[in-house]
Structures are given as structure tokens and as C-alpha cells.
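**Student:** give me a model of this one.
(chains A and B, ligands or ions: 2)
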Amino acid sequence: MDRDVIIQIEKADSFYGTKQILKNITLNIYAKAVTSLMGPSGCGKSTLIRCLNRMNDLVPRFRLEGKILYKGLDLYSRDVDITDLRREIGMVFQKPNPFPKSIYENVAYGIRIQGVTNGEFIDGIVEESLKKAALWEEVKDRLHESALSLSGGQQQRICIARALAVKPQVILFDEPCSALDPMATAKIEELITELKKNYTIIVVTHNTAQAARVSDFTAFLYLGDLIEVGPTGKIFTVPQDKRTEEYLTGKFG
Amino acid sequence: MSKRKLDKRMDSVFKAVGLAVTLFGLLVLAALLIDVVMDGYQRISWDFFTSYPSRKPEQAGILSAWVGTLWIMLTTALLAIPLGVGSGIYLEEYARRNKLTDFIEINIANLAGVPSVIYGILGLGLFIRLMHLDRSVLAGGLILALLILPVIILTTREALRAVPSSIREASYALGATQWQTIRHQVLPAGFGNILTGIILAMSRAIGETAPLITIGALTYIPFLPANPVAFSPESPYIHLSAQGFLDPFTVLPIQIFNWVSRPQKGFLTDAAAGIIVLLTITLLMNGAAIFLRYKNQKRW
Ligand SMILES: Nc1ncnc2c1ncn2[C@@H]1O[C@H](COP(=O)(O)OP(=O)(O)OP(=O)(O)O)[C@@H](O)[C@H]1O
Ligand SMILES: [Mg+2]
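**Tutor:** Ligands and ions are numbered 1, 2, ... in the order given. Here you go, the predicted model:
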């Protein structure tokens, strides 16, 4: 199957201060597919996806060398409006982090800050986003209760709905299930599979089984190096590198 | 004895001493409170709040003192809250860390510890001699505002720092600007703690006497600062006036101080009654602060 490349990472090196984290990463991300990033703790998975929505800009001593292209445009060029960029490339974090506000306000926030004030329009977006996040039925009667009153799994789906509300093209998931129980995890995985019809998805995960279940492509990182990348089926059945194989069979990580 | 055992013993000794010291403090406080209340309660009456000071102890009241305290607190709040919270936000969220901001930071922390009388002397030189504000509400409010400014800046910064970075990241990840993130997420999340800090600072200011005496605030004021709002039967019906800020004033602690230093016994009763009023206000403010702090205890 032919697929469009939406993000190209070209020879990316990244540093916190003088400490190099990512080493010469070259990686293509395909549109409307799920790409998972695997690797042992501390290998730089979070650093890599946080480069894609420029979240690392918030870290004072962070530095990136090399290029990251989004739809052919350099993400780090001066002309890029970082707030526009972050709307196009949304993010869901490891620990559910809803705002300490109502369910409704959590989802509405992203469009409210764009200056949208039309109540009906916002209502519509909130409903649509919660439906896409498979949460509408559970919360439609309590939209104005605090989002913090929800369970962990529901909170994570609020965070997904919140990201969807600003109509992104790409959604980055940084270990979205690591704070959730198996039931909630299954729900999120199902949701990711559903979402990939319309969105490009990148999932960081520690869980090899999860990568196998949800992703079309898998990249394996080790100590800041991209060891190998390819269709998930191929990586899991015939890994080319010994380190990938060892990681997949649980020898380390 | 093994080190472990010794540590354990030290632990219990320390606990006992700590408890004794705390109890002692509480007892002394209780004794003082009871003494004051016994002395002053019979003087507390409607008249006491609606009378000006007088040469006759049984006719003297705290009208000009509590109205003055209100005026001073209002002025202090109007000056110190926007400045203090604003500086706190700037220093915590916007300012780059460099030698200059480090220097400012250290000095703000130091200022918070400067004795209040020093602020009085500063005020005397700056606001009275140089700016000719006289012994006005404005001068008093300016001094107390300076006095509590460092505390408000510090508590604002602490409150902002306590807002978890996950909230900020969530906001940025949705395309919010820095100001939007601060305005819509960080400030509301830190609001309770900021308010707590403000109330505690104000309750410190309300009891301050030294700096106001330094600028020569009067102790005998048989009138009130001009009303800021007046009504008339004809157009324009409502008159606003800032004259009150330039009028002389007295405040509760000064009135109390004055009465305590008088020889007649009756004034001691008046002083005790004034102390009851002042203590009630401070206790209420501190209570509100504690309540807020308790209510704001972490939801994330
Ligand atoms: N803000 C930072 N400042 C300095 N070093 C950092 C910072 N964030 C991460 N690091 C370092 O970068 C390296 C990679 O971290 P990163 O969070 O990308 O790893 P990860 O693969 O996501 O690990 P995990 O699976 O534990 O989340 C680690 O050694 C970490 O200590
Ligand atoms: Mg990580």
C-alpha cells in the first residue's frame, strides 16, 4: 500500500545542555497510520515526540540539530507559528492531566483560546469530540462536573477529546496507558485504532504487546539511536538487529 | 547503647520538649487573651463603635480608628495587590534567570525581613518630606503597601510554582500562548494560595503601628476621612471624591497605643476593648486564610 509521508525527521540530534540525547535520527512518519516508538526507559522516546510539537522549546537548555519537516515545511523555521503548529500536532500525556475545571471546559478550552465565543458552536465541538473519544455516553449528563471526578481512564479520554477538539492532523501519545488498568488500556487502544482512520498517530510505549496490537509501523530506539524501523509485523517477526530481538523477547527494558 | 536506640531516645525527648514548648506558648496566649477579654468586654457596645475618642474614658470610642483602619487597608490593598501579584507573575513566569533577577530575588527576600519601623522612616523621607503627602491615608497606605509587597510577591511566586507543570504542558499542547496559559490555567489554579498569602499579609499590615507612628499619624482624630461617595437630590446625584485619601487618619493599633499610655484607669478598659476588636479582625482574617488553604489542598 502506498502511503503519504507526513513527518520527516532528518538527521536529528538533540541535546539537554551538553548532554546528547538523540543521535542522528532519520525517520519517516506515515499519514493516517499508527507508528509506535519503543525502547527501554531513558532512551529518548519522549524527547523525540516532544520535538514534533516543539514541546521541548519549554526546556531552557534544549537544542535540536538536523531537520524535522511537517508536510514538507521545516518545523523549526522562524516562520512557523508555534501555536498553530501545536493545534495541528496534538498531544496526550503519560499521566492524565485534565485541567481542574469542568468536563465541558476541558474540551472547550482549545477553541475558546482561539477566540471562539459562539456557545452553540462550542457545544457542538464538545459533543463531537467526546463522541470521538468514546466518552460521550458516560459523561453527557455531567458535563459541568469537575473533570477530576472521573476515573483515570475517563480522564485520559477527556485529554484525548480535548486534543481532538482543535482538529489536529497528528496526535502524539506519550505512554498514554501507563497509568491505567487493563480495562481502561483496552479502551484507549481501541480508540487509537479507530482514530487512525482520520489522524496520524504516534504512540510511545513500553509495552511491546501494545505496540504489536495497535501500530502499523514500529521504531525501536536504544540509547538515543534509532536501531530499526519498519512495518510492525516485520519488526516483530524478523527483527534485523540483535538488540531489537532481545528487547522484544524481554531480555532487557 | 546502640546508635539506633540513642536516636529513638532523642526522638522522644525532642517530642516531649516540643510539646511542652508549644503548650507553654498556647497557655501564655490563652492567659493574655482571657486577661484582655476580662478587662475590656464590658466596654464593647454600639456606642464604642460609633463614638470619637474623648477626654472622658467612658465616652471614648473607636469610630475614627476603625474607619481609618478600613481606609488604610483599602489603600494598602489597592496598591499592594496589583503590584505584588503582577511582580510575582513577572518574576516567576516571564523573567529570564540572570544576575539581575537573582539580585532582585535576594533583595525581595531580604526586604520581607526588614523591621517595619524602617519602612516608616523611608515613608517619612519619601512620602512626607519629598512628596508632601502629609500624614494622609495615602501616605500610610503607601508605607504599609511597601511593607507587605515583598510578602505578596513571594507568596504569589510560591503559589505559581506549586501549579504542576503538567497543567501548563496540557495548555501549551493545545496551542495556547504563554499569557493564555497563565491567565486561564496557572492563575486560577494558584488563586487560592495567592489569596491566602494576600490575606495573611493584610492581617499583618492591619496590626502595624510602628511605621505609622513614625510618620506622625495622629492619635486624636475626632473626624473621618471625606466620604468617597456622596449623594445629592439633584443631578448628578452621585459625587465621587478622592479627598479622603489625603485626609489625616488614625488606626486601631495607634488608638490602642494612645489609650494604654494614658494614666486614667478607664482608658485601659478602652484599650482592652480596642484590642478585642483588633484581635477579632486578625483572627477572622487568619481563619479565612487557613480555611482557604485547607480548601485548596491539592486536587491534582
Ligand atoms: N528536561 C530535561 N533536562 C535534562 N535531561 C533530560 C530532560 N528530559 C529528559 N532528559 C534526559 O534525557 C534522556 C531521555 O529521556 P526521555 O524522557 O526522552 O526518555 P524516555 O525514552 O521517554 O524514557 P521513559 O520510557 O522512562 O519515559 C534521559 O536520560 C533523561 O534523563
Ligand atoms: Mg518518556
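
**Student:** where does chain B come near chain A, residue by residue?
**Tutor:** Contact residues, chain B versus chain A (Cβ under 8 Å from any Cβ of the partner chain): B:164, B:166-177, B:180, B:184-185, B:188-189, B:299-300. Where you see a C-beta, it was placed from the backbone N, CA and C, and this is true even at glycine.

**Student:** buried members of those into PyMOL, please.
**Tutor:** Command for PyMOL that selects the buried part of these, burial taken from 16 or more other Cβ atoms under 10 Å in any protein chain shown:
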select buried, chain B and resi 164+166+167+168+169+170+171+172+173+174+175+176+180+184+185+189
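
**Student:** okay, and which of the residues of chain B next to chain A map to helices?
**Tutor:** B:S166, B:I167, B:R168, B:E169, B:A170, B:S171, B:Y172, B:A173, B:Q180, B:P188, B:A189 (DSSP state H).

**Student:** for the stretch 51-200 of chain A, what spans make up the helices?
**Tutor:** A:82-88, A:103-112, A:119-132, A:136-139, A:152-164, A:182-195 (DSSP state H, counting those that start in this stretch).

**Student:** any idea which residue sits dead centre in the chain?
**Tutor:** With no chain named, the answer covers chain A. A:L172 (1.4 Å; Cα atoms, centre = their mean).

**Student:** that's the wrong chain, I wanted chain B
**Tutor:** B:M202 (1.9 Å).

**Student:** got any ranges where the stretch 51-200 of chain A has weak pLDDT?
**Tutor:** Within the stretch 51-200 of chain A, not a single segment meets pLDDT under 70.

**Student:** what residues does it have near chain B?
**Tutor:** A:53, A:55, A:58, A:83-87, A:90-91, A:93, A:95, A:97-101, A:109-110, A:113-114, A:146, A:148, A:159, A:162-163, A:166.

**Student:** just the buried members of these?
**Tutor:** Of these, these count as buried by 16+ other Cβ under 10 Å: A:53, A:55, A:83, A:85-87, A:90-91, A:93, A:95, A:97-101, A:109-110, A:113, A:146, A:148, A:159, A:162-163, A:166.

**Student:** please, where are all the strands along the chain?
**Tutor:** Reading this off chain A. Along chain A, counting by DSSP state E, strands occupy A:5-16, A:19-30, A:34-38, A:62-70, A:73-74, A:89-92, A:170-174, A:200-204, A:217-222, A:225-231.

**Student:** my bad, chain B
**Tutor:** Using DSSP E, strands in chain B cover B:229-231, B:238-240.

**Student:** adding distance to ligand 1, mean neighbour count and mean pLDDT, write these out as TSV.
**Tutor:** Below are the strands of chain B laid out as TSV (distance: least, Cβ to the nearest ligand atom, whole Å; neighbours: other Cβ atoms under 10 Å in any protein chain shown; pLDDT from 0 to 100):
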stretch	distance to ligand 1	mean neighbour count	mean pLDDT
strand B:229-231	54	9	79
strand B:238-240	53	10	80
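
**Student:** in TSV: these, plus distance to A:G230.
**Tutor:** Listed next are the strands of chain B as TSV, based on distance: least, Cβ to Cβ, whole Å:
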stretch	distance to A:G230
strand B:229-231	77
strand B:238-240	75
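
**Student:** out of those, flag the one nearest B:K295.
**Tutor:** Checking the strands of chain B against B:K295 by Cβ to Cβ gives strand B:229-231 as the closest, at 33.4 Å.

**Student:** was I right to think B:W259 contacts B:A60?
**Tutor:** Yes. Shown here, B:W259 and B:A60 form a contact pair, counting by Cβ atoms under 8 Å, at 7.5 Å.

**Student:** many thanks, we can stop here.
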